[in-house]
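> Next one to model:
(chains A and B)
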Amino acid sequence: MLDINYIIENKEHVKELLKRKMYEADIDGLVKNVEEKRKLQKITEDNKAEQNKLSKSVPQAKKEGGDVNAIFAKVKALSAENKENEEKLKVLESQINEILYALPNLPDEDLLEGGKENNKPIYYYKDKPEFSFKIKNHVELAESLGLIDYDRAAKVSGHGTWFYTNLGARLEWALLNFFINEHINDGFEFMMPPHILNYESGFTAGQFPKFEGDVFELKGMDPAKFLLPTAETALVNYYRNEILDGSELPKKFFAYSPCYRKEAGSYRTEERGMIRGYQFNKVEMFEYTKEDESDAAFEELLRKAKSLVEKLGLHYRVSKLAAADCSHSMARTYDIEVYLPSIGIYKEVSSVSNARSYQARRGMMRYRGADGKLHYMHTLNGSGLATSRVFPAILEQFQQEDGSVIVPEVLRPYMGGISVIKPIKK
RNA sequence: GGAGAAAUACUCAAGUGGUUGAAGAGGAUGGUCUUGAAAACCAUUAGUAGGUGCAAGCCUAGCGCGAGUUCGAAUCUCGCUUUCUCCGCCA
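Here you go, the predicted structure:
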């Protein structure tokens, strides 16, 4: 959520930044409504103050045998007068919130305007792998190596899902454990969040009200809950409605969870297999920082995410996202994209973002600074990493002519020392 | 899933319709005394959100959350959430 006073004081600048994010909103109408609301609020509150004063005088009047009924009548009249204003206030408020709650975060000043087409690769690791033989895509590899069973998952669940089988499950588990240990070594605190979240959690994250359709709702629960689309949604709510002491920050967390998303509906060739499913595994890093320390934290998360891909030995690039391609709640996002040789494109394995105070405002998460005043925390998140993109990249980038796949060295301790995954004979 | 009880400030806790935004105790902070500490005594201690004002301040909201009754609600009514106890089921 944006600071309404900041919007009022910097109306034109806010409009300009929203334009860079390709977001259209009636800012003038919003400001006008807020001003009108404040005027009406003053009148209503003054009226209430008068009512309170009169009501408080009742016991005294009773003692002195004064005309209590006259006071009752007066208060009642004032109260009736206010009723109309209160209705109007409610309407104004809901009009304001409808716009305010849906506004995205403002992009950082240095971001390029516009969408995906303006994303800018700023770093490459290793060269594109070259193959002297006809390569297979990750779906073919996963099946011939007996790592993934899509067909039986379709029977058991439906499309957009899969079983990890045998060495596939072990490879997946190895990846997750490798990531987890790296984060523990870096001093991050391991969390395992609930997967079932309430509406307020979705609101704080910025998921609601704008993107309710993207999550799986559990309508059987009252009130309805939803399945977390990323561990970020749980972690960003950990300190909701809390005030921490500045000395407690930064808080560095990471969590493992499956991520449940509805978006897997439409398939494109490049999203076959496990590139986009209803459920995938992810280890997520999350930091709460003081407001002047989030830039350093952002660099830290980016560095950590990069190091994971590098230790696996995968060719990848880092893209600095243009304003409109950053997530709704984020002021800046860098994507780490791993190369998939079969389709010749880079796919996101990590998204590192700084939400600045946007989420903290939505969830009222503050800290008391050294100055004794309250400040909004800054929140940051970064995947570290999503396995459903790393897994295919490993298969494709490390495939051999005989159809086998070399296991990255760092994963071998987690896989009982297995260094090569060989095709299974039919 | 069923039945019951509870939720008040940093903590415990009093409070069943009226100057109660809240007694009391503990804790914390400051002070007196002391070489220092302890003890004793004294004082302070709701943070917050919103509005208004140059400011000091003032106003509104706020006793789990949300509605309602009333001139007036911590107190009465309804819905919800969470916690505890018991039963059922179960890893």
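
> Can you name every helix or strand that the least confident helix or strand in chain A by mean pLDDT contacts?
Comparing helices and strands within chain A by mean pLDDT, DSSP states H and E singles out helix A:58-63 as the least confident, with a mean of 79. Helix A:58-63 makes packing contacts with helix A:68-100 when contacts are defined by 3 or more C-beta pairs under 8 Å, 6 or more residues apart in numbering; DSSP states H and E. Quick note: C-beta positions are derived from backbone N, CA and C, even for glycine.

> Could I get the buried residue list for the helix it packs on?
Taking 16 or more other C-beta atoms under 10 Å as the basis for neighbour counts, the residues of helix A:68-100 that come out buried are A:71, A:75, A:82, A:89, A:92, A:95-96, A:99-100.

> And the contacts of the least confident helix or strand of chain A?
Outside helix A:58-63, the residues within contact range by C-beta atoms under 8 Å, 6 or more residues apart in numbering are A:66-68, A:71.

> Tell me the one of the buried residues of helix A:68-100 nearest RNA strand B?
Relative to RNA strand B, the closest of the buried residues of helix A:68-100 is A:V75; by C-beta to the nearest atom of the strand it sits at 3.1 Å.

> pLDDT on stretch A:93-101, on average?
Along stretch A:93-101, the predicted confidence averages to a pLDDT of 91.

> near RNA strand B too, which of the buried residues of helix A:68-100?
Residues of those in contact with RNA strand B (C-beta under 7 Å from any atom of the strand): A:71, A:75.

> which two in the buried residues of helix A:68-100 are spaced the farthest apart?
Spatially, the most separated pair among the buried residues of helix A:68-100 is A:I71 and A:I99, at 41.9 Å (C-beta to C-beta).

> quick one, what contacts the closest residue to A:M274 other than its chain neighbours?
The shortest distance from A:M274 to any residue other than its chain neighbours is 4.6 Å, reached at A:S388 (C-beta to C-beta, 6 or more residues apart in numbering). Contacts here follow C-beta under 8 Å, 6+ apart; on that basis A:S388 touches A:274-275, A:277, A:280-282.

> Then A:L312?
So A:L312 contacts A:390, A:394, A:408, A:410-411 (C-beta under 8 Å, 6+ apart).

> Include distance to A:N10 and secondary structure when you put those residues into a markdown table, please.
Converted to a markdown table, the contacts of A:L312 look like this (distance: C-beta to C-beta, whole Å; DSSP: H, G, I helix; E, B strand; the rest coil):
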| residue | distance to A:N10 | secondary structure |
| --- | --- | --- |
| A:V390 | 41 | helix |
| A:I394 | 47 | helix |
| A:P408 | 49 | coil |
| A:V410 | 48 | helix |
| A:L411 | 50 | helix |
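
> The residues you listed into TSV, with extra columns for pLDDT, neighbour count and distance to RNA strand B?
Supplementary listing: these in TSV, determined by pLDDT from 0 to 100; neighbours: other C-beta atoms under 10 Å; distance: C-beta to the nearest atom of the strand, whole Å:
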residue	pLDDT	neighbour count	distance to RNA strand B
A:V390	96	26	29
A:I394	97	25	32
A:P408	98	21	34
A:V410	98	16	32
A:L411	98	20	29
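
> May I ask you to confirm that A:N177 is in contact with A:Y414?
Yes - using C-beta atoms under 8 Å, A:N177 and A:Y414 qualify as a contacting pair, with a distance of 5.0 Å.

> Flag every buried residue along the host helix or strand of A:A297.
Of the helices and strands defined by DSSP states H and E, A:A297 is found in helix A:294-312. Of the residues in helix A:294-312, those scored as buried under the neighbour-count criterion (16+ other C-beta under 10 Å) are A:294, A:297-298, A:300-302, A:304-306, A:308-309, A:312.

> For RNA strand B, state which of those is nearest.
When those are compared for distance to RNA strand B (C-beta to the nearest atom of the strand), A:S294 comes out closest, at 19.5 Å.

> follow-up on the earlier one: next, the angle helix A:294-312 makes with the helix or strand just after the helix holding A:A297.
Once the chain leaves helix A:294-312, the next helix or strand it forms, by DSSP H and E, is strand A:316-320. Relative orientation of strand A:316-320 and helix A:294-312, computed by axes from the mean of the first three to the mean of the last three C-alpha atoms, to 10 degrees: 160 degrees.

> helices and strands around the helix or strand just after strand A:316-320, which ones?
Once strand A:316-320 ends, the next helix or strand along the chain (criterion: DSSP H and E) is strand A:332-340. Using 3+ C-beta pairs under 8 Å, 6+ apart as the contact definition, the elements that strand A:332-340 packs against are helix A:294-312, strand A:316-320, strand A:345-356, helix A:387-397.

> where does chain A have low pLDDT?
Regions of chain A meeting the criterion pLDDT under 70 cover residues A:264-271, A:426.

> near RNA strand B, which residues of it show up?
A:4-5, A:38, A:41-42, A:45-46, A:48-49, A:51-56, A:58-60, A:71-72, A:75-76, A:79, A:222-223, A:243, A:364, A:366, A:374.

> What's the PyMOL line that selects buried ones from the residues you listed?
Selecting in PyMOL just the buried members of these, where the criterion is 16+ other C-beta under 10 Å, is done with this command:
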select buried, chain A and resi 51+54+71+75+366
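
> distance of the residue nearest to A:M274 from A:D292?
The spacing between A:S388 and A:D292, counted by C-beta to C-beta, to the nearest Å, is 36 Å.

> Ok, A:Y346 next?
Here the criterion is C-beta to C-beta. By it, A:Y346 lies 33 Å from A:D292.

> likewise A:V410?
Shown here: A:V410 relative to A:D292, a distance of 35 Å by C-beta to C-beta.

> Same question for A:E263.
With the distance defined as C-beta to C-beta, A:E263 ends up 35 Å from A:D292.
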